[in-house]
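[1] here you go, sequence then predicted model.
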Amino acid sequence: MKKAILSCILFIGLYLVAVPGAYSKSKFRVLVFSLTKGYHHKSIANGIVALQKMGEEKGFSVDTTTNPALFTDKQLKKYKVIVFLSPTGNSLFNEAQKAAFQNYIHKGGGLVGIHAATDCLYDWPWYGKLIGAYFLKHPKQQQAVLTITDSTHISTRDLKSPWVHTDEWYNFKDVNPDIHTLITLDEKTYKGGTMGDFHPASWYHEFEGGRVFYTVLGHREENYTDEAFLKHIWGGIQYAAGKD
């Protein structure tokens, strides 16, 4: 009997070693929001899978939703970070839901915006300042050269510059002058850029008590198995969660 008990204890110990994070408490919780009332990106499904896998590997839990009714003070306080994974369209939230989202930010919540997070809520100027800019238009998907302008940030320090990448490159309007640019697009390396010498592609800033990270990357399904892109997103999540 003693031998059987010892064998059982040994098995459990080996399992906990072999499965990092097994039976351990998650570091924090993330809510992925991907409601679309405009264009629906096929890559959203890939993004959800990638973020869930990242959570398993890095030790945070991931909930996903397209339901704005979850945007209440009670629900949002569960989450360290909200990820806007390519939501699109206006009128995504009613006034009570907007107030809850604002309270979440004011209390130190984190927001990570991926790709079309700038292509929504044009009817809510506060959100435009929060996310940092609004989508204006884009050319066809193509390869371009990205320049890392801040290699000290947690979302970019593992990236090589220049970074050659294929994606859907947004031109922006109403850029918040207070954002801190992380990556810029070299418009000389692709067709269709309209912003000139300063074309931000990723940025971060502190806003009214919260932390915001945004990247234009993430249109293509293939992006969500790209190691460099996933490192970029993981760094953005860590920043939004409060890790410098």
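    Arrived safely, thanks for sending.
[2] switch to C-alpha atoms for all contacts and neighbour counts from now on
    Fine.
[3] where does the chain have low pLDDT?
    Scanning the chain for pLDDT under 70 picks out the ranges 1-26, 244.
[4] how about the helices in it?
    For the chain, the helices defined by DSSP state H occupy 2-18, 43-58, 73-76, 95-106, 125-131, 227-240.
[5] which ones are touching the residue nearest the centre of the chain?
    For the chain, the residue nearest the mean C-alpha position is Val112 (3.6 Å; Cα atoms, centre = their mean). Neighbour list for Val112: Val81, Ile82, Val83, Phe84, Val212, Phe213, Tyr214, Gly236, Ile237, Ala240 [criterion: Cα atoms under 8 Å, 6 or more residues apart in numbering].
[6] distance of it relative to Trp203?
    Distance of Val112 to Trp203, computed by Cα to Cα, to the nearest Å: 10 Å.
[7] which neighbours do those two share?
    In contact with both Val112 and Trp203: Phe213, Tyr214, using Cα under 8 Å, 6+ apart.
[8] is it true that Glu187 touches Asn171?
    No: judged on Cα atoms under 8 Å, Glu187 makes no contact with Asn171 at a distance of 10.5 Å.
[9] give me the common contacts of the two.
    Gly193, Thr194, His199.
[10] how many neighbours does the last one have?
    When you say that, I think you mean His199. 20 (other Cα atoms under 10 Å).
[11] now stretch 223-243: how far from the chain's centre is it?
    Relative to the chain's own centre, stretch 223-243 is displaced by 7 Å; criterion: Cα atoms, centre = their mean, to the nearest Å.
[12] and what of stretch 130-143?
    Worked out by Cα atoms, centre = their mean, stretch 130-143 lies 15 Å from the chain centre.
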